[in-house]
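Visitor: pasted the sequence and its predicted model underneath.
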Amino acid sequence: MWFYYSLFFAIWGALQTFFTKSLTKKISPLPLLYIFFLFNIPITFILLLFLGGVPHATANFYLYIGIAAILDTIAFVSSYVAISQSSISLISPISSFSPVFTTLIAIFVLNEVPTPLKFAGILLVVVGAYLLNVADVKQGALTPFKTLFSHKGVLLFLLANFLWSITPIFQKKAIFETSPSVPLFASVIGMCFVFLFLTPFAFKKAIKPLGK
């Protein structure tokens, strides 16, 4: 079951990046992100009500979700700016670094040591990033990495994925502070916090003229 969830998320993520790239040609990244949450929050909340309703949550729940939301806000803004500035073919593979970061951080924070198979997966991700600019290897063994990370959009997207590798740790802690444990509730509250954090900034950005 988790395989199909992961496959769906991968396909949805690819489609979302494509549509975001198209929309940022007409709308500035911050207002676009704001609109995304404006539509997504009520839909997710309705889904939450159908799947069991609002659970009881402790004060620590809101603390953990608040921290995760701050990191998510920076990550979302960074990713949308990156998508608007860089080629999709260049930044999309960077998203594969997120589970790598999460796995490594979880070793120290959650004491979740990955299996040898997971370590092999991490190695494959690094090799894949290297191969993106393997043609530059004649200029030095590390040149493919230097070429890749010389792009501002790539660095912003890498920052976003690094932050997204941290937020699940706080979200997991938050879920354990609900009774019964409802992951979707943590998602709704997290999006509400991000939405509030974005509010004073989103309206400062004007819609880009069509066709420019």
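Guide: Received, thanks.

Visitor: next secondary structure after the helix or strand that contains I83?
Guide: Using DSSP states H and E, I83 maps to helix 59-85. Next along the chain after helix 59-85, taking DSSP H and E as the criterion, comes helix 88-91.

Visitor: extract the C-alpha trace of that next one and format it as CSV.
Guide: Extracted in CSV, the C-alpha atoms of helix 88-91 (Å, rounded to 0.1, in the frame of the first residue of the first chain):
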residue,chain,number,x,y,z
ILE,A,88,12.6,22.1,-14.3
SER,A,89,14.9,19.4,-15.7
LEU,A,90,17.7,20.9,-13.6
ILE,A,91,15.9,21.3,-10.2
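
Visitor: tell me what the helix or strand following that helix is packed against?
Guide: The helix or strand immediately downstream of helix 88-91 is helix 97-109, counting by DSSP H and E. Packing partners of helix 97-109 (3 or more CB pairs under 8 Å, 6 or more residues apart in numbering; DSSP states H and E): helix 116-131, helix 152-175. Just so you know, the C-beta spots here come from the backbone N, C-alpha and C atoms, and that holds for glycine as well.

Visitor: which of those helices has the lowest mean pLDDT?
Guide: Among those, helix 116-131 carries the lowest mean pLDDT, at a mean of 67.

Visitor: distance of T44 from A106?
Guide: As judged by CB to CB, to the nearest Å, T44 and A106 stand 25 Å apart.
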